[in-house]
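>>> make a model of this:
(chains A and B)
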Amino acid sequence: MKRLPLSGVLIPLLSVLVAMFFGGIMIAVQGINPLYTYEVLFETAFLSFDGISVTLAKATPLILSGLAVAICLRAGLFNIGAQGQLISGALASAWAGYYFVGLPKLIHIPLALLFGATFGALAAFIAGALKAYRGVHEVITTIMLNSMVIAIADYLASTPFKEPDQPLTRTPAIQDSARIPDIFGIPFGFFIAIAFSIALWWLLRNTTTGFRIETIGRNRNAGWYAGISVKRVTILSMLVGGSIAGIAGAIETLSITGRFEPAFNAGLGFDGITVALLGRGNPLGVIPAAILIGGMRAAGSTVQFKTGVSPEIVDLLLALILFFVTAPLLARLLKRRHENVAITSGWSN
Amino acid sequence: MLKRLAAIAAALSLALFGLAACSSDSATSEADCGSESAFCIGLVTDTGKVDDKSFNQSAWEGAQAGATAVGGFAKYIETVDPKDYATNIGQFAENGYNVIIGVGFLMAEAMSTAAAQYPDIKFIGVDQFQGAAVPNLTGLVFPEDKAGFLAGYLSGQITTSGKTGAVLGTDTVPPVRYFGEGFRNGVAYAANELGKDYPETKLVYHAPDNAFNDPAWGGATAKQMLSQGFDVIFGAGGNTGNGALLQIAQTPGAYCIGVDADQWGTLPEAQPCLVTSAMKLIDKGVAALIEAAKDGSIAGGNFFGEVGLAPYHDFDSKIAQEIKDKVAALTPQVLDGSVPTGVKL
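Numbering: from 1, shown residues only, chains lettered A, B, ... in the order given. Next up is the predicted model:
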């Protein structure tokens, strides 16, 4: 199967440019200079050490939630539940972070990450099992699970796990031994995220499991016919996706927020969908996509301050990017019936 | 195709270049903010919009009024993500602003960290009760329970079905809880006075996640209450509460009560049901503190703002004079504490 890396990069790149063009029109309509706005955006996000530090910090959970969605896309599944899985992981790791006292850093951090991964996987497992054994579409189950998980997390943070002697809904702060440090100003979590990205890329490319995932992603029936246990691979993909999303939440908690507080992880799971689609479902492709989106979010405050553009501009640009990235794919799927780079099997399965 | 696209993009970009516009119509302009003579005021909203028709909007209006009064310049940043509180405050701090106003209870921690970091800047925390006083951080706090109590008292007097309710933001934010519980106690006080046995006021709180920007939930909750025969409903929770008010406005015969500001003016679509609003005069408080900051009389600790019921507007003729007199008589007693609201603070 031919896969030219250039064409893989071209569509996302063009989508970003076209989106920025239409975004520029919306900015101009507000009476503000769009070129100046983009200049401030890119300068703040990428052209200063402090800026890059914040950008990479914001990109870290996006890489991981992007991976969570991407690995499922590879298996032909839409993981819209990344947000719920991320919240599960964030809460579980926050609990592990404050509950265990007196552990050395080298043990506490991996332990907390493990908690995050486990509970993220748990949230995804339900959707995976229902899909595998009952054929319930994962879009429906994952969206519903998001609401359920968020509600449960809100309850846990407001009652049993609440930090005592203060009114806010949040867990106590994690122990110092659970904090993930910065390396030269860049959160170590970023490197963990890159490692996962490379690991997943390698998994998909060089292992039998990866082959099975890719196969059922392209054609479930062909996979079944070839002797692959579609049910098992479906559940496995959701578990992997869920655990990575859980780790995303865990790293965010252990590096940035230092505790679980509802509303402090807003949007990370959904941005992961944009990241995965922008990266075209490729585990390595999510890295530049996440850095771009992380940069935009990091620069939002300064853009607002210096140009006066409403903060919604970032969401607008992301929505436009998403639209333009998926449009050519849709067109191609409709025009030609063979699956060249079908990153999803859509609704037919 | 690509070349054509690029050419069009370039041409239009050049055209868009000329569309840059900026305006500033206060005495100091933004560019002066670092200098000695300029007095610049920055406002950081809570998550939600600056035109949310109540909370953030009142604070911003107060900031603008204060800026005009002292001949200064005011600017706002809307917070999208609670993790950005510190970054947003920092924008103003790093650019020579003299006064930074942080709106909302959830921002308290970020504000005290910033106050410690920038001792020369005056910080005003709206709804941020100060436990220990910090010299450059003033908490603008309000006795919301009293405003809620008065609104509840009125509701208890005007209700015909006896069923009253409140659609609220999250109870994890104490001011919202004080409004709600004050309201409930006010209804009970009125019922007691009238010798009626009304069911306890139903308080429905939103989850902490996205509590103040969920009008759909607010509307749905109000609709549910209305279908169960509730005829006076208090909407208190930014945009969430607004959703409830708008829903109630569509039901003839039901009364609704707004919050924070006089929503008759800020949310005209709610007028058909809006008998009053439980106001906390945020704008007045902010403006007063800005003037105090300018003349140096501002102090750390807590500054208690004013609360009250908004005028009845068109409902003035529809409420019995006797009820209006009772409310007017009770108001000073509640405000000075001689009639306790019974809310545990």
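>>> make it CA atoms for all contacts and neighbour counts henceforth
Noted.
>>> tell me the residues of chain A that contact chain B?
A:21, A:25, A:28, A:31-35, A:151, A:154, A:167-169, A:257, A:262-264, A:266, A:301-302, A:304-305, A:310-311 (C-alpha under 8 Å from any C-alpha of the partner chain).
>>> which of these are buried? Put it as a ChimeraX command.
Here is the ChimeraX command that selects the buried residues among these (16 or more other C-alpha atoms under 10 Å in any protein chain shown):
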select /A:21,25,28,31,32,33,34,35,151,154,168,169,257,262,263,264,266,301,302,304,305,310,311
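>>> which of the residues of chain A next to chain B fall in helices?
The members of those that map onto helices under DSSP state H are A:21, A:25, A:28, A:34-35, A:151, A:154, A:301-302, A:304-305.
>>> does residue B:41 touch residue B:63 like I think?
Yes: contact criterion C-alpha atoms under 8 Å: residue B:41 and residue B:63 qualify, at 7.3 Å.
>>> for the longest helix along chain B, buried residues please.
Secondary structure assigned by DSSP H gives helix B:174-194 as the longest helix of chain B. Within helix B:174-194, the residues scored as buried using 16+ other C-alpha under 10 Å are B:174-191.
>>> same deal with stretch A:283-293?
By 16+ other C-alpha under 10 Å, the buried positions in stretch A:283-293 come out as A:283-287, A:289-293.
>>> okay, and which of these map to strands?
When DSSP state E defines the strands, the subset of these inside them is empty.
>>> ok so, going back, between residue B:41 and residue B:63, which contacts overlap?
residue B:74 (C-alpha atoms under 8 Å, 6 or more residues apart in numbering or on different chains).
>>> and the residue nearest to residue B:315 when sequence neighbours are not counted, helix, strand or coil?
Once flanking residues are discounted, residue B:315 sits nearest to residue B:275: 5.7 Å by C-alpha to C-alpha, 6 or more residues apart in numbering or on different chains. Taken by DSSP: H, G, I helix; E, B strand; the rest coil, the conformation at residue B:275 corresponds to strand.
>>> okay, residue B:41 and residue B:63: which has more neighbours?
Between residue B:41 and residue B:63, counting by other C-alpha atoms under 10 Å in any protein chain shown, residue B:63 is the more crowded of the two (32 against 25).
>>> list the contacts of residue B:186.
B:148-154, B:156, B:341.
>>> again, only using 6 Å
B:149, B:152-153 (C-alpha atoms under 6 Å, 6 or more residues apart in numbering or on different chains).
>>> residue B:57 now?
B:50-51.
>>> could I get the phi/psi values of it?
phi -60, psi -40 (degrees, to the nearest 10).
>>> which one is the residue of the stretch 101-250 of chain A at minimum distance from chain B nearest to, not counting chain neighbours?
Residue nearest to chain B within the stretch 101-250 of chain A: residue A:168 (5.5 Å; C-alpha to the nearest C-alpha). Leaving aside its sequence neighbours, residue A:168 sits nearest to residue B:172 (C-alpha to C-alpha, 6+ apart; 5.5 Å).
>>> in the stretch 151-300 of chain B, what residue spans correspond to helices?
Counting by DSSP state H, counting those that start in this stretch, the segments of the stretch 151-300 of chain B that form helices are B:174-194, B:215-227, B:238-249, B:263-266, B:282-295.
>>> for the ones you listed, give me JSON lines that also has distance to residue A:105.
JSON lines is the format used below for the helices of the stretch 151-300 of chain B (distance: least, C-alpha to C-alpha, whole Å):
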{"stretch": "helix B:174-194", "distance to residue A:105": "36"}
{"stretch": "helix B:215-227", "distance to residue A:105": "43"}
{"stretch": "helix B:238-249", "distance to residue A:105": "43"}
{"stretch": "helix B:263-266", "distance to residue A:105": "53"}
{"stretch": "helix B:282-295", "distance to residue A:105": "46"}
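>>> give me the below-cutoff pLDDT ranges for the stretch 1-150 of chain B.
Residue ranges of the stretch 1-150 of chain B with pLDDT under 70: B:1-29.
>>> what mean pLDDT does stretch B:230-243 have?
Taken as a whole, stretch B:230-243 has a mean pLDDT of 92.
>>> can you give me the helices for the stretch 101-250 of chain A?
Counting by DSSP H, counting those that start in this stretch, the helices of the stretch 101-250 of chain A are A:105-134, A:138-158, A:188-206, A:208-218, A:220-225, A:230-252.
>>> average pLDDT for the longest one?
Model confidence over helix A:105-134, given as mean pLDDT, is 94.
>>> out of the helices and strands in chain A, which is least certain?
helix A:312-335 (a mean of 83; mean pLDDT, DSSP states H and E).
>>> how about it: buried residues?
By 16+ other C-alpha under 10 Å, the buried positions in helix A:312-335 come out as A:313-314, A:316-318, A:320-326, A:329.
>>> how about stretch B:35-46?
Buried, per 16+ other C-alpha under 10 Å, within stretch B:35-46: B:38-46.
>>> now these in a markdown table, with distance to residue B:93 and secondary structure?
Below are the buried residues of stretch B:35-46 laid out as a markdown table (distance: C-alpha to C-alpha, whole Å; DSSP: H, G, I helix; E, B strand; the rest coil):
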| residue | distance to residue B:93 | secondary structure |
| --- | --- | --- |
| B:38 | 14 | coil |
| B:39 | 13 | coil |
| B:40 | 10 | strand |
| B:41 | 10 | strand |
| B:42 | 9 | strand |
| B:43 | 11 | strand |
| B:44 | 11 | strand |
| B:45 | 15 | strand |
| B:46 | 17 | strand |
